[in-house]
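Engineer: Got a predicted model here, sequence first, then my questions.
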Amino acid sequence: MFKESTCDAKGRILVATQDIQPNTIVLQDQAILGLPDGYPVCLGCLEPATEKFIPCQSCGWLLCDNTCPYIENHQLECEVFTKSKFKIKLEDLTKRHMIYSIVPVLKIVLLKENCEKKQSVIESLMDHWEDLQENPQTIMLVKYMAAMFRKQLGLSWVSDQDVQHAFGVLKTNGLGHGGRSCFVYPTVCLLSHSCSANLDIVGSPNFQVTFRSKKLIKAGEELTWSYANILDLKPVIRNQLRTVWNFECTCERCLDPTEFGTNFTTQQCDCGGYFHEETCDKCLKHGGRIPLSEQSELLQLINRAPLTTLQKIESTILANYHYSHLVTCRYVMRMLDLLVELEEANNYKNKQLVTQGETLLKTLEKIDGRYGRPYLKYEKIFNLLFN
């Protein structure tokens, strides 16, 4: 269904070898490593730590149970922690702890001496160290980890270069960042990012992950998925890709100032045109009406607003944002979520809300495809409420 190929701008990529219909399972991959992502977790199955967790019988680090089904995932560092007698004391299991950001790098480094097959995969992955090293804090952190591995854990064979590559591989290829765990997959790591991706992840990242198509994929087309939340402001998405993954996105959506004719994250001018690159494409007026920071704050408010708050801010939203703008779409999404939850659709069933819901679905289809998770979710809710 797909094969590995190369691209001058991206390196190794995956391309379709045949036409792939929407909603088709395209890729399933098994993680070569499951890793904590900054928070205390079971070092086997990676479940968030609780007071019921017990210390590992060998090294003393937290496990959900000594019969954890993924106990093998803890084996490498367990041997190191046991031999070096390295332990930590955790006062709050709900807060981030630096050591749980160091352990993932350690687990990758340990493959070098313990698992040739997995190490060969790690060695083949890009680390973007030439970009990461421009940050002095990153260099200091990597040197600190390398020294810690050598002196406190007794791993005299570890070099600074080993840690640099492990750190870069994790930053570049780890899937699941932002939660309490992340995973490194041998095939998924070849998927490039696109803000209009043709693949969608099924469920959440775990030791096994599945991707399905959300639109028709033609033979020879590159397989892509979105590293970031596509339902966010374009400048926010692009900044996240730049700071976390160290690249400037040049996907079809980013290159189209109208975002497929939706103007999804573009404000509308009083003349009816749209502000592209801070200039109205119709009257040439310069400067959007609402700063990006205010839009972000409004989106945060909408995401947690109860029905009464949505009613209060509705007129402000509709006066400042067109129907297919992200802010209006998120407002309608939140409204539909609450109505179906409260079973109060009949009290709010009006022509305007129906029109907003129809516009939302058309916009989501253009931005993410008819088989994208947002479209499928809100099509179901819309039909439940209004059909």
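Structural biologist: It's in. Residues are numbered from 1 along each chain as shown.

Engineer: Helix, strand, or coil at the residue sitting furthest away from the middle of the chain?
Structural biologist: Distance from the C-alpha centroid of the chain, by CA atoms, centre = their mean, peaks at C283 (37.6 Å). What DSSP: H, G, I helix; E, B strand; the rest coil gives for C283 is coil.

Engineer: Quick check: phi and psi on it?
Structural biologist: When read as degrees, to the nearest 10, the backbone of C283 gives phi -100, psi 0.

Engineer: what do you get for I217?
Structural biologist: The phi/psi pair for I217 (degrees, to the nearest 10) reads phi -110, psi 120.

Engineer: can you tell me how far the closest residue to it other than its chain neighbours sits from L43?
Structural biologist: The shortest distance from I217 to any non-neighbouring residue, by CB to CB, 6 or more residues apart in numbering, is to I20 (4.1 Å). Heads up, the C-betas are built off the backbone N, CA and C, glycines and all. Distance of I20 to L43, given as CB to CB, to the nearest Å: 37 Å.

Engineer: Settle it for me: which of these two has more neighbours?
Structural biologist: L43 (28 against 23; other CB atoms under 10 Å).

Engineer: Hmm, V236 is touching S296, no?
Structural biologist: Yes. Counting by CB atoms under 8 Å, S296 is a contact partner of V236 at 6.8 Å.

Engineer: which residues are common contacts for the two?
Structural biologist: Residues touching both V236 and S296 (CB atoms under 8 Å, 6 or more residues apart in numbering): none.

Engineer: what's near enough to touch F149?
Structural biologist: Applying CB under 8 Å, 6+ apart, we find F149 in contact with 106, 109, 155, 158, 163.

Engineer: And for the last one, nearest residue in space, chain neighbours not counted?
Structural biologist: So the one you mean is V163. Per CB to CB, 6+ apart, closest to V163 is A146, 4.3 Å.

Engineer: Number of residues surrounding the nearest residue to I139 once chain neighbours are set aside?
Structural biologist: Spatial nearest neighbour of I139, chain neighbours left out: Q133 (5.8 Å); criterion: CB to CB, 6+ apart. Each residue near Q133 was counted by other CB under 10 Å, and the total is 13.

Engineer: Tell me the strands beside the helix or strand hosting V26, with direction?
Structural biologist: Assigned by DSSP states H and E, V26 belongs to strand 25-30. Applying DSSP bridges, strand 25-30 is found paired with strand 208-213 (antiparallel).

Engineer: Quick check: buried residues in the partner strand?
Structural biologist: By 16 or more other CB atoms under 10 Å, the buried positions in strand 208-213 come out as 209, 211-213.

Engineer: Ok, stretch 195-207 next?
Structural biologist: Quick answer for stretch 195-207 (16+ other CB under 10 Å): 195-201, 205, 207.

Engineer: Nearest to E77 among the residues you listed?
Structural biologist: E77 lies nearest to F207 out of the buried residues of stretch 195-207, by CB to CB, at 16.7 Å.

Engineer: Phi and psi next, for the closest one.
Structural biologist: In terms of degrees, to the nearest 10, the main-chain angles of F207 are phi -60, psi -20.

Engineer: contacting residues around stretch 359-379?
Structural biologist: In contact with stretch 359-379 (CB under 8 Å, 6+ apart) are residues 22-23, 196, 198, 200, 212-215, 230-231, 253, 259-262, 264, 323-324, 329, 332-333, 336, 357, 382.

Engineer: Let's see that with 7 Å instead.
Structural biologist: Here stretch 359-379 makes contact (CB atoms under 7 Å, 6 or more residues apart in numbering) with 22-23, 196, 200, 214-215, 230-231, 259-262, 264, 323-324, 329, 332-333, 336, 382.
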